[in-house]
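Novice: attaching a predicted model along with its sequence, questions to come.
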Amino acid sequence: MVIIGSSNARVGLKAGMDLLRAGQSAVDAVEAAILLVESNPDDHSVGFGGLPNMLGEVELDASIMDGDTLAAGAVGGVRGFEHPISIARRVMTDLPHSLLVGPGAERFARECGFAEVNLLTDEARRIYETGIRGDSSEESRYASKILKVMVGRLALDPNRASGKDTGTVNVAALDRNGHLAMGVSTSGFAWKYPGRVGDSAVIGAGNYCDDRYGAAACTGRGEMAIRAATAHSVVMHMRAGLSPEEAGARAMEELDHLVDPFWSAMNCVVLAPDGRHAAFSTVPDTSYVFMTDTSEDVRQAPRRLVPVKGSRNPA
Ligand code: GLY
């Protein structure tokens with residue numbers, strides 16, 4: 001049994017492994033781990049404390065996929081609920097659908113009895129306001145490029161347009177019955193256009209899981225993962241016989257063909273049906289976390305650097 005995740009999943013992996021050890025399913029373990037990340041107010045890329053859209057409203061995306069049945073549930077643009085991963089799971093189990101967005105997803109969450117909360121913390125509001133004012137960081141310069149596209153549409157002052165990139169959490173688990181599950185949750189691109197839904201809610205883009213071949217999920221610029229169907233590509237490369245290391249690297253290399261004036265970091269984590277795992281990033285010095293049923297603690301490992309920058313993009 002093994003559970004892996006993006007580095008910000010550290011707060012949840014032990015809880016997930018406890019469930020795996022108790023004989024619960026990979027889907028249970030993934031949800032339990034992500035719940036703790038979504039409740040972590042210090043993580044400004046996921047759930048409670050997540051950074052808001054350009055109007056200052058927190059909108060969350062999440063998905064979960066069961067590798068045994070290939071059932072999947074996802075929600076996009078959800079406001080006012082701390083645990084989109086649980087709403088996504090209920091979409092998967094209770095509805096004849098795979099994806100609900102916005103007011104429909106919120107109505108369903110209410111029907112399920114999920115509590116409504118204010119997701120915008122004082123700290124997230126402070127970061128949001130600082131970003132709108134702008135600073136000289138590379139991140140801010142990058143995001144101001146994106147926000148300038150929106151200026152006029154939302155009557156923003158271009159001189160105040162600034163921002164920063166996404167975080168997002170990925171968690172994958174392999175349970176004692178050999179079943180895989182993958183979950184993803186995010187507050188998405190900070191300062192995003194209202195209603196923007198990223199790869200985290202799109203099965204095949206930010207999340208894919210199939211017991212026969214493996215599981216993969218992404219963090220980083222969701223628009224790139226949507227355009228390249230990155231998570232699905234990783235799993236299909238494993239289906240074709242590549243190892244997790246080869247499959248992840250191949251899918252990341254494929255991003256190089258994307259023309260994207262808003263190019264930024266992309267990352268993925270990969271878990272094979274036999275428990276092998278790997279993770280990748282287009283930028284250096286990043287890591288992921290994992291835990292096995294024989295380990296006491298969460299361990300950290302470096303992601304493999306796949307330094308694609310988009311060779312077809314203007315310099
Ligand atoms: N990868 C998360 C997002 O783009 O929203």
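Specialist: Yes, it's here.
Novice: what sits up against the helix or strand where residue 85 lies?
Specialist: Per DSSP states H and E: residue 85 is located in helix 84-94. Helix 84-94 is contacted from outside by 27, 30-31, 34-35, 38, 47, 60-64, 66, 71-75, 78, 81, 97-100, 105, 108-109, 112, 114, 183, 185, 201, using CB atoms under 8 Å, 6 or more residues apart in numbering. Glycine gets a C-beta too; all of them are placed from N, C-alpha and C.
Novice: gap between that helix and the chain center?
Specialist: Between the mean C-alpha location of helix 84-94 and the chain-wide mean there is a distance of 16 Å, by CA atoms, centre = their mean, to the nearest Å.
Novice: how about it and the ligand, any contact?
Specialist: No. Helix 84-94 stays clear of the ligand (CB under 6 Å from any ligand atom), getting no nearer than 12.0 Å.
Novice: ok, and for that helix, which residues are buried?
Specialist: Neighbour-count burial for helix 84-94, counted by 16 or more other CB atoms under 10 Å, picks out 84, 85, 86, 87, 88, 89, 90, 91, 92.
Novice: show me which of the contacts of helix 84-94 are buried.
Specialist: Using 16+ other CB under 10 Å as the burial test, the contacts of helix 84-94 include 27, 30-31, 34-35, 38, 47, 60-64, 66, 71-75, 78, 81, 98-100, 105, 108-109, 114, 183, 185, 201 as buried.
Novice: what bridges to the one residue in the stretch 1-150 of the chain that gets nearest to the ligand?
Specialist: The minimum distance from the stretch 1-150 of the chain to the ligand, using CB to the nearest ligand atom, falls at residue 61 (6.1 Å). With DSSP bridges applied, residue 61 shows beta-bridge pairing to residue 186.
Novice: list the contacts for it?
Specialist: Neighbouring residues of residue 61 by CB under 8 Å, 6+ apart: 74-78, 84, 184-188, 197-198, 200-201.
Novice: just the ones of those in strands?
Specialist: Applying DSSP state E to those, the entries found in strands are 74, 75, 76, 77, 78, 184, 185, 186.
Novice: low-confidence stretches in the stretch 51-200 of the chain?
Specialist: Filtered on pLDDT under 70, the stretch 51-200 of the chain yields the residue ranges 132-166.
Novice: all set, thanks.
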